[in-house]
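Asker: For reference, the sequence and a predicted model appear below.
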Amino acid sequence: MSDYSLTIHPRSKWSERAIDEKVSTRELEALILHAEGKENDDIADKLDIKYQSVKNLFYSITEKLDAENNSQALMKSISENLIKLTIDKKDYKVDKEEFADKFFDILKSELEPNTFDRFKTRLLNKLTEENE
């Protein structure tokens, strides 16, 4: 069982910018599969689309969210309420800060230091808000 899950938020919770930029649920589905460690050819099979279409989806969402790469697009998707990050608490208690550290360790190499610190802070704030 994984420590977390990523799901697409209902459009009503999306940021105005994401709605204005016309981010698609298909782009978010591909991004979630990428975050789960799937390769582009596996994502193509899962979504029943061509390999080049997967690359086009990633290009499109990184442009729409003004991200430099897929990892940054994922973090912006979480911070703009497009994707919901859920921590599974049924089997064990998760320390929010420890989880955020582990989650960001994966992405840290691809994010600039200021971006990394800002997203970590926003993630911790969101997790705290949802559990109050």
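Answerer: Here it is on my side, so go on. Numbers count the residues shown, from 1 in each chain.
Asker: Pretty sure E68 sits in a helix.
Answerer: No: counting by DSSP: H, G, I helix; E, B strand; the rest coil, one finds E68 to be coil, located in no helix.
Asker: Grab the nearest non-local neighbour of it.
Answerer: Leaving aside its chain neighbours, E68 sits nearest to T62 (7.1 Å; criterion: CB to CB, 6 or more residues apart in numbering). C-beta: built from backbone N, CA, C; applies to glycine.
Asker: Which elements pack onto the helix or strand harbouring that neighbour?
Answerer: Assessed by DSSP states H and E, T62 sits inside helix 51-64. Applying 3 or more CB pairs under 8 Å, 6 or more residues apart in numbering; DSSP states H and E, one finds that helix 51-64 makes contact with helix 25-35, helix 40-47, helix 70-79.
Asker: In JSON lines, list these along with mean pLDDT, distance to L124 and mean neighbour count.
Answerer: Shown next, in JSON lines, are the helices and strands packed on helix 51-64 (pLDDT from 0 to 100; distance: least, CB to CB, whole Å; neighbours: other CB atoms under 10 Å):
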{"stretch": "helix 25-35", "mean pLDDT": "90", "distance to L124": "19", "mean neighbour count": "20"}
{"stretch": "helix 40-47", "mean pLDDT": "94", "distance to L124": "29", "mean neighbour count": "16"}
{"stretch": "helix 70-79", "mean pLDDT": "85", "distance to L124": "11", "mean neighbour count": "23"}
